[in-house]
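S.K.: Starting from these lines, generate the structure:
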Amino acid sequence: VQLVESGGGLVQPGGSLRLSCAASGFSFSTYVMSWFRQAPGKERELVAVISSTRDTTQYADSVKGRFTVSRDNAKNTVYLQMNSLKPEDTAVYYCSAKRFVVGTFDDYWGQGTQVTVSS
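M.R.: Model prediction:
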């Protein structure tokens with residue numbers, strides 16, 4: 001099982017980034033995909049979630065209207081489009097794959113990608 005994030009970097013306030021998370025080794029289309037982030041000295045927080053069928057998304061209040069989560073099940077990839085970035089968005093961003101089937105809970109994580117918003 002692998003989740004590999006990419007697309008992080010340094011961006012100025014007000015700028016945009018698009019994160020990608022490429023999945024392999026499991027049945028991607030049956031998993032709920034999420035983006036989390038963790039800033040220095042803070043707990044990891046949920047940023048966005050997308051259902052396996054792409055019909056449901058949820059966002060943290062702090063990113064609503066600025067971030068958009070999407071997925072391409074044919075490419076086994078989940079995305080996070082981040083617009084109007086703020087310094088407080090600076091964090092390591094992680095993607096996560098979760099699936100609960102009776103008696104089994106699968107929970108996979110990527111290694112993270114750094115996003116730094118600074119002038």
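
S.K.: Just give me the longest strand of the chain.
M.R.: Secondary structure of the chain per DSSP state E: the longest strand is strand 91-101.

S.K.: For that one, which strands pair with it and how are they oriented?
M.R.: Strand 91-101 pairs in its sheet with strand 32-38 (antiparallel), strand 104-109 (antiparallel), strand 113-117 (antiparallel), by DSSP bridges.

S.K.: what does stretch 44-63 contact?
M.R.: Stretch 44-63 is contacted from outside by 29-38, 67-71, 73, 78, 80, 82, 88-89, 93-94, 99, using C-beta atoms under 8 Å, 6 or more residues apart in numbering. Quick note: C-beta positions are derived from backbone N, CA and C, even for glycine.

S.K.: So what's the residue count around Thr77?
M.R.: Neighbourhood size, Thr77 [other C-beta atoms under 10 Å]: 18.

S.K.: Show me what it bridges to in the sheet.
M.R.: Note on Thr77: beta-bridge partners Ala22, Asp72, judged by DSSP bridges.

S.K.: what's the residue positioned nearest the centre of the chain in contact with, if anything?
M.R.: The residue lying closest to the centre of the chain (C-alpha atoms, centre = their mean) is Trp35, at 2.5 Å. Under the criterion of C-beta under 8 Å, 6+ apart, the neighbours of Trp35 are 19, 21, 46-49, 69, 78, 80, 93-96.

S.K.: Just the buried ones out of those residues, please.
M.R.: With burial judged by 16 or more other C-beta atoms under 10 Å, the buried subset of the contacts of Trp35 is Leu19, Cys21, Val47, Ala48, Val49, Val69, Val78, Leu80, Tyr93, Tyr94, Cys95, Ser96.

S.K.: Return the set of buried residues in the helix or strand bottoming out on mean pLDDT in the chain.
M.R.: Least confident helix or strand of the chain, by mean pLDDT, DSSP states H and E, is strand 104-109 with a mean of 92. Judged by neighbour count (16+ other C-beta under 10 Å), strand 104-109 contains these buried residues: Tyr108, Trp109.

S.K.: got it, and stretch 6-26?
M.R.: Using 16+ other C-beta under 10 Å as the burial criterion, the residues of stretch 6-26 that qualify are Gly7, Gly8, Val11, Leu17, Leu19, Ser20, Cys21, Ala22, Ala23, Phe26.
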